[in-house]
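*Asks:* Can you look at this prediction? I've put the sequence above it.
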Amino acid sequence: MHRLVALAVLSACAYESPSTTTVRAFNQAIAARNGDELDKLLQNPFEYGGIAFRDSGCSRDFATPGTITEDRRGRFLQCLTTLGMQWNPQRVMLDTATFEHHGGFTIEARLSLFEKHTRIHWLGYEGRYSAADSLPTISQSTLETLRTQGSSDAPSDPATVARLAREPRTARSTPYSYAIFKICVSEAGETTIGGRYDASSPIAESVFSELVTHWRFRPFLVAGRPVAVCAMTRLIAPKEKAANATKRIGFAAPAPEGFTIVGYEALVRLRTLESSNFKLPLAAHSHSNHASVRLCIDGAGAVTRADVVESSRIAAYDALILGHVRKWRYQPYVLDGAGTPICTNVRINLGRSPMAETTRPQPRARARAAP
């Protein structure tokens with residue numbers, strides 16, 4: 001009996017998600033420069049969101065993001081094998097993974113289930129959401145090597161600690177305050193926030209936004225020339241919680257102007273109308289097993305905006321999903337006694353019946369009780 005229990009535990013520990021299996025195989029194929037194996041792991045066609053190729057010919061041939069069709073696929077696979085990418089296992093979520101290659105550049109892979117196989121359908125700059133978001137990305141650790149002023153540690157002065165203590169903790173999914181920003185550094189070293197992707201609350205977003213105003217960096221150099229870059233950056237307070245942080249950066253849309261993006265966990269307890277049960281035809285599942293929507297509510301809890309940020313690959317289903325989520329209703333997200341407009345990124349699982357929404361694919365953490 002004990003032996004059976006032990007075998008069951010070992011089997012559970014050995015489980016690897018389909019996305020992780022695909023990413024691991026992709027990483028091995030890159031290391032082996034095996035174009036044939038890469039070909040099996042990339043959807044055909046797939047979307048390209050920009051890569052900082054070291055090879056000048058590859059940079060020229062793939063200077064513009066877009067769809068990689070069959071006629072360009074062989075050349076693209078050849079260019080991929082020149083990158084020497086390294087996969088970070090801690091940066092694999094349900095449908096995204098991050099790789100780092102020469103000089104600290106990063107690449108994001110987005111995955112979906114296609115015809116019973118998990119494949120990469122998008123490959124490009126990390127956190128890229130739109131065509132305007134065109135700067136190459138570097139890792140957060142590479143960004144830190146450029147720092148000349150400021151610190152990523154949240155201020156520990158009594159006033160800041162008191163501000164963070166006002167966060168609505170019962171709705172928070174982590175035992176720490178956090179924000180995830182895309183930090184951009186110009187060719188002259190000027191620092192801006194290129195996008196606000198997630199935060200534990202509007203208070204945390206405000207505190208960390210103020211912190212960034214004090215940051216200064218040297219320009220990022222490639223072959224001795226300055227290049228404008230961005231880095232997906234995770235900020236956490238208190239500092240001692242950072243080592244065990246479970247929040248990870250995954251594919252999501254940044255907050256629209258005037259809103260804060262919060263983790264969907266913050267809204268789960270505020271739902272007042274359950275989603276209506278309906279099914280999508282099975283044909284949708286052969287194209288993708290999910291879609292993602294950016295959802296915004298006003299101070300009264302009404303849905304004021306819903307945008308598809310990751311398509312189901314079928315326009316009719318995207319429209320059906322949007323019509324569905326616009327019917328959702330929430331209690332107000334209350335901050336300092338007043339309803340506050342917020343947004344969140346919601347992952348819609350197409351393969352479930354009835355159709356259901358999930359949080360962004362991140363490990364759940366127990367919320368800390370209010371003092």
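*Replies:* Alright, I've got the coordinates.

*Asks:* Now residue 340. Nearest residue, chain neighbours left out?
*Replies:* Setting aside the residues directly before and after it, residue 340 is nearest to residue 333 in space (CB to CB, 6 or more residues apart in numbering), at 5.1 Å. The C-beta positions use only the backbone N, C-alpha and C, and glycine is treated the same way.

*Asks:* so who does that neighbour touch?
*Replies:* By CB atoms under 8 Å, 6 or more residues apart in numbering, the contact set of residue 333 is 168, 171, 262, 266-267, 270, 297, 299, 301, 339-342.

*Asks:* Please, a ChimeraX command that selects the buried ones among those residues?
*Replies:* Buried residues among the contacts of residue 333 (16 or more other CB atoms under 10 Å), as a ChimeraX selection:
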select :168,171,262,266,267,297,301,339,340,341,342
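
*Asks:* coming back round to it: and the gap between the residue nearest to residue 340 and residue 265?
*Replies:* To residue 265, residue 333 is 12 Å away according to CB to CB, to the nearest Å.

*Asks:* Could you do residue 271 as well?
*Replies:* With distances taken as CB to CB, residue 271 is found 12 Å from residue 265.

*Asks:* cool, residue 70 as well?
*Replies:* Counting by CB to CB, the gap from residue 70 to residue 265 is 41 Å.

*Asks:* Rebuild the contacts of residue 333 as CSV, extending it with pLDDT.
*Replies:* Shown next, in CSV, are the contacts of residue 333 (pLDDT from 0 to 100):
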residue, pLDDT
168, 79
171, 55
262, 87
266, 77
267, 79
270, 83
297, 93
299, 92
301, 91
339, 91
340, 91
341, 92
342, 91
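
*Asks:* okay if I get the contacts of residue 333 as a markdown table plus secondary structure and distance to residue 240?
*Replies:* What follows is the contacts of residue 333, written out as a markdown table (DSSP: H, G, I helix; E, B strand; the rest coil; distance: CB to CB, whole Å):
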| residue | secondary structure | distance to residue 240 |
| --- | --- | --- |
| 168 | coil | 22 |
| 171 | helix | 23 |
| 262 | coil | 23 |
| 266 | helix | 23 |
| 267 | helix | 28 |
| 270 | coil | 30 |
| 297 | strand | 33 |
| 299 | coil | 34 |
| 301 | coil | 35 |
| 339 | strand | 33 |
| 340 | coil | 28 |
| 341 | coil | 32 |
| 342 | strand | 28 |
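
*Asks:* and which of the contacts of residue 333 is nearest to residue 208?
*Replies:* Checking these against residue 208 with CB to CB, the nearest one is residue 262 at 13.3 Å.

*Asks:* Specify the beta-bridge partners of the residue lying closest to the closest one once chain neighbours are set aside.
*Replies:* Of all residues not flanking residue 262 in the chain, residue 342 sits nearest, at 5.2 Å (CB to CB, 6+ apart). Taking DSSP bridges as the rule, residue 342 bridges to residue 297.

*Asks:* follow-up on the earlier one: residue 271 and residue 265: which is more packed in?
*Replies:* Set residue 271 next to residue 265 and count neighbours by other CB atoms under 10 Å: residue 265 wins out with 19 against 14.

*Asks:* where does that one land on pLDDT?
*Replies:* Residue 265 carries a pLDDT value of 75.

*Asks:* What's the separation between it and residue 207?
*Replies:* 20 Å.

*Asks:* Report the distance from the helix or strand residue 21 falls within to the chain centre.
*Replies:* Assigned by DSSP states H and E, residue 21 belongs to helix 18-32. Centroid separation for helix 18-32 versus its chain: 19 Å, with CA atoms, centre = their mean, to the nearest Å.

*Asks:* Which strands or helices does it pack on?
*Replies:* The elements that helix 18-32 packs onto, with contact taken as 3 or more CB pairs under 8 Å, 6 or more residues apart in numbering; DSSP states H and E, are helix 35-41, strand 86-92, strand 96-101, strand 105-114, strand 117-124.

*Asks:* Select, out of these, the one closest to residue 325.
*Replies:* strand 105-114 (19.4 Å).

*Asks:* Measure how far that closest one is from the centre of its chain, please.
*Replies:* Here strand 105-114 shows a centroid-to-chain-centroid distance of 10 Å under the convention CA atoms, centre = their mean.

*Asks:* what pairs with that strand, and is each one parallel or antiparallel?
*Replies:* strand 96-101 (antiparallel), strand 117-124 (antiparallel), strand 137-138 (antiparallel).

*Asks:* Single out the most deeply packed of those strands.
*Replies:* Counting by mean count of other CB atoms under 10 Å, strand 137-138 has the highest mean neighbour count of these, with a mean of 28.
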